[in-house]
Every structure is written in C-alpha cells, then in structure tokens.
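Student: Attaching a predicted model along with its sequence, questions to come.
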Amino acid sequence: MGTVADVAPIKDTKGSLVNKKPTVVFVLGGPGSGKGTQCSNIIEHFGYTHLSAGDLLRAEIKSGSENGTMIQNMIKEGKIVPSEVTIKLLQRAMEKSGNDKFLIDGFPRNEENRAAFEAVTGIEPSVVLFFDCLEEEMERRLLSRNEGRVDDNIETIRKRFKVFLESSIPVIRYYESKGKVRKIDATRPVKEVFESVKAIFAPKSKQVH
Ligand SMILES: Nc1ncnc2c1ncn2[C@@H]1O[C@H](COP(=O)(O)OP(=O)(O)O)[C@@H](O)[C@H]1O
Ligand SMILES: Nc1ccn([C@H]2C[C@H](O)[C@@H](COP(=O)(O)OP(=O)(O)O)O2)c(=O)n1
Ligand SMILES: [Mg+2]
C-alpha cells in the first residue's frame, strides 16, 4: 500500500482499461514549495501529463479571453479564481492531451475547487502529494524565481501565504482524513526531494534501494 502504482486503474489481460476514469494525482504545497519543478521530474519518468492550474490561468490571460482581466486581477491579489473557470481549463487540457494519467499541480486550492471538481468530473485523486516547505524558504525561492510573474513580489507573496494557510491547508487535511496524502519534506535540495517523490510513484518491485 501507499504508492501510486497501488491505486492506478485496473487493466484487463489485453491492457484495456477496466476503470475508464483517468488517474489523477493532485500536487499541492505552498507557493514556491517546488510543485512545478518536481512535476517536470515526474513526467520524465512516469508517463503523466502535467497540468498546472496557474499556468493554464496565465495562458488564458495571454489568449485575450473575456475572463483575462478578472483572472489577472485575482492573481495579482493572490486570490483564488472561481472554480468554474479553472475546472473548464483543466477539463479542456485533459481532453486535448489524449492521456489518462494527470498530475494536477496547484489545484484544488480551496474547498470550493475541491468539491466542484469532484462534482463536475466525478474524479477523485488516487494520491495527493503535499510538498511541505518552510515559509522563509518558499519566500526566498519566489523572490528569486525570475519568471516575471506579477505575483512574485513580497506584497502578493504574503497574501498568497495567508490564502495557502486559510484555504489550501484545509483541503490537505480533508485528503489526509481519507488517507490520500503523501507528505514530502520539500525544504531540501531538488534532487533529495525527488528521491522521496520517486518512492511514491515507483511500483514496489521496481524501487531501487
Ligand atoms: N528544492 C528546491 N530547492 C531550491 N530551489 C528550488 C527547489 N525546488 C524549486 N526551486 C526553485 O524555487 C522556485 C519555485 O519553484 P517552483 O517549482 O516554481 O514552485 P511552485 O510551483 O510550488 O511555486 C523556482 O525558481 C525553482 O527553480
Ligand atoms: N487552483 C488555482 C490555482 C492557481 N490560481 C491562481 C492563484 C494563484 O496564486 C496563482 C498562481 O498559481 P500557481 O500554482 O502558478 O502558483 P505557485 O506555483 O504555487 O507559485 O494562480 C487559482 O486561482 N486557482
Ligand atoms: Mg508552480
């Protein structure tokens, strides 16, 4: 018990999916905890499609969509965009990928995100990764991320930390109560964090000790 392989969809002898629902792993953790970095590592090794809710929202702003200004303003304030917008983007990206295994990064970020995703898609995550990182380390990382993001400034970062504690931690607690959370000490260097991540994804028979 405990690895993602243990809860992947069941296949029959010809390899067809018996359970047609996609496998979803939610990747959670505070801003700057390393979600995106570790997702890039995971997709290289384990055949998942990485969907970052934040990246999808930023692409929606760039595309000139009618929701663009609202999304931009909310991101700048560190607030969470209404679920219907984010879920639509996630669903579209899932369909477009053609894959049936997804790492959904930065979602669900509040109870509304969580309940709406489950109601709309009928999908529950197999596992929830929680990158647990010290706030001062996350702050250091965000201030040197250098991606030109409107929300990587100290004022917005403080607001994002507050939203994380007030709205996202309860989602993690919810999944903890269902035994789905795999907590990883994310304050360590990237390679060390990935070693812990690998142990969660690799089937036990293939784990290298
Ligand atoms: N374990 C780590 N140690 C030091 N820096 C890291 C680590 N993981 C990620 N970073 C760096 O910190 C910044 C935030 O990482 P990122 O993966 O974007 O986090 P998140 O998606 O959780 O906000 C990036 O500049 C990234 O290169
Ligand atoms: N489920 C989500 C995910 C992100 N957002 C918005 C609000 C977040 O502060 C920003 C940035 O999210 P993103 O996951 O890219 O940020 P970090 O990688 O945690 O630094 O996007 C959202 O409204 N709803
Ligand atoms: Mg990210």
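Tutor: Received the coordinates, thanks. For clarity, every value in this text was computed on a predicted model and none was experimentally measured. Numbering: from 1, shown residues only. Ligands and ions are numbered 1, 2, ... in the order given.
Student: so which strand or helix has whichever residue of the chain sits closest to ligand 2?
Tutor: Nearest to ligand 2, among the residues of the chain, is residue 54, at 1.8 Å (Cβ to the nearest ligand atom). No exception for glycine: its C-beta is placed from N, CA and C like everyone else's. Following DSSP states H and E, one finds residue 54 within helix 53-62.
Student: tell me the mean pLDDT over that helix?
Tutor: Averaged over helix 53-62, pLDDT sits at 98.
Student: Tell me how far the residue nearest to the spatial centre of the chain lies from residue 146.
Tutor: Centroid check for the chain by Cα atoms, centre = their mean gives residue 105 as the closest residue, at 1.9 Å. To residue 146, residue 105 is 19 Å away according to Cβ to Cβ, to the nearest Å.
Student: Report how many residues lie close to residue 120.
Tutor: Residues near residue 120, counting by other Cβ atoms under 10 Å, number 14.
Student: Briefly note if the host helix or strand of it comes near ligand 2.
Tutor: With the criterion set as DSSP H and E, the secondary-structure element containing residue 120 is helix 111-121. Yes. On the criterion Cβ under 6 Å from any ligand atom, helix 111-121 is in touch with ligand 2 at residue 113.
Student: following that helix, which helix or strand shows up next?
Tutor: Moving toward the C-terminus from helix 111-121, the first helix or strand encountered (DSSP H and E) is strand 127-132.
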